[in-house]
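>>> Sequence first, predicted coordinates after that:
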Amino acid sequence: MTAGVRVRVPASTANLGAGFDALGLALGLHDVIEVRRAPSGLAVTVTGEGADDVPRDESNLVVRALRAACDRLGFDPGGLAMTCANVIPHARGLGSSAAAIVGGIAAAHGLAGKPLDDDALHLAAEFEGHADNVAASLLGGLVVAWCEPGPRFRAARVEPHPDLRPVAIVPSEESATHVTRGLLPAVVPHADAAFAAGRAALAVHALAARPDLLLPATADTLHQDYREKAWPRTLRVVRELRALGVAAAVSGAGPTVLAFTTDGRVPAGVDLTGFTATPLSVDRAGVRVDPLD
Ligand SMILES: Nc1ncnc2c1ncn2[C@@H]1O[C@H](COP(=O)(O)OP(=O)(O)OP(=O)(O)O)[C@@H](O)[C@H]1O
Ligand SMILES: N[C@@H](CCO)C(=O)O
């Protein structure tokens, strides 16, 4: 058992075009959570993103994930003092909720002195409802996520190409994932599903080995158009960038645009008023847990 832990957990982009609920990529943008054991009670401090609105009690997402993981591990952490230094924007499609969940679960494992394992991934995906973002935050790099009968969430990590330089183009407005999931149809045309299968497979190859194929690899038929009314400006930027040859896609459930580049640049000529474009590295290590003194 450890007195306290420091958890550094990456943001992520999901879907990557056609890989709806299946593909994720960890990004070099990190929230840091410190949790110390205390004699009793729960004290939560939040700085940065969400400081004005995330709860400080047992309903806090990091705390709920931490408690659920402690239950699974059969471990009572006692009182807790937690500080969250958040930089991942909330409700923008950069996996903030997945990072919070993975951060809480990683903290529980660190306090219990247990390594993160397949059960941790499954628990995180149960919380989030799908495994793409949580797998990326947990494992780092490029991930392919799937769900087996049971259900049992699983993921495989793939090493991304060294030249990848994602650019996150983040608008000021928020979009809640649960709202835009509600815009999706129950069924899609067979031709659209076949298109997505090919492009999602190509995306894994392009992101790992052939960045020159990123433009066709990031075309989507499963979610972006259906969600357009939630963020019309986002789709305009995606379409304009793609017309200029940039492999752009909606990041997760939006409204951020993710440009998959090898130089960290987006061309002038696309109106990005109201958006902030930030070049990011790929996080290749996933969540990191260190003991605190
Ligand atoms: N660090 C955090 N601490 C507590 N709650 C958080 C934290 N990060 C996110 N949340 C909760 O998750 C919500 C955002 O989740 P949502 O799934 O809508 O967006 P996202 O995870 O940022 O984007 P996406 O799932 O599309 O990548 C926030 O409004 C907040 O309630
Ligand atoms: N695959 C998810 C990612 C966002 O959590 C979606 O697009 O709804």
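Looks like it arrived, so ask away. Everything numeric in this text was worked out from a predicted model, so none of it was measured. Ligands and ions are numbered 1, 2, ... in the order given.

>>> List the buried residues of the longest strand belonging to the chain.
Secondary structure of the chain per DSSP state E: the longest strand is strand 23-38. Within strand 23-38, the residues scored as buried using 16 or more other C-beta atoms under 10 Å are 23-27, 29-37. The way it works is simple: take the backbone N, C-alpha and C, and place the C-beta from them, glycine included.

>>> Can I get that strand in CSV, CA atoms only?
Coordinates of the C-alpha atoms in strand 23-38 are reproduced here as CSV (Å, rounded to 0.1, in the frame of the first residue of the first chain):
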residue,chain,number,x,y,z
LEU,A,23,-9.9,3.7,-33.0
GLY,A,24,-8.1,6.1,-30.6
LEU,A,25,-4.8,8.0,-30.4
ALA,A,26,-3.3,9.4,-27.2
LEU,A,27,-2.2,13.0,-27.4
GLY,A,28,0.6,15.0,-25.6
LEU,A,29,-1.7,17.0,-23.4
HIS,A,30,-2.0,15.7,-19.8
ASP,A,31,-4.1,16.1,-16.7
VAL,A,32,-2.2,15.5,-13.4
ILE,A,33,-4.0,14.0,-10.4
GLU,A,34,-2.4,13.7,-7.0
VAL,A,35,-4.1,11.5,-4.4
ARG,A,36,-2.9,11.1,-0.8
ARG,A,37,-4.4,8.8,1.9
ALA,A,38,-5.9,10.9,4.8
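
>>> Could you see whether ligand 2 lies near it?
No: Strand 23-38 does not reach ligand 2 (C-beta under 6 Å from any ligand atom); its nearest approach is 8.1 Å.

>>> got the residue ranges for the strands in the stretch 1-150 of the chain?
4-14, 23-38, 42-48, 79-86, 142-148 (DSSP state E, counting those that start in this stretch).

>>> Tell me which other helices or strands the first one touches.
Think strand 4-14. Contacts defined by 3 or more C-beta pairs under 8 Å, 6 or more residues apart in numbering; DSSP states H and E place strand 4-14 against strand 23-38, helix 96-112, helix 132-139, strand 288-291.
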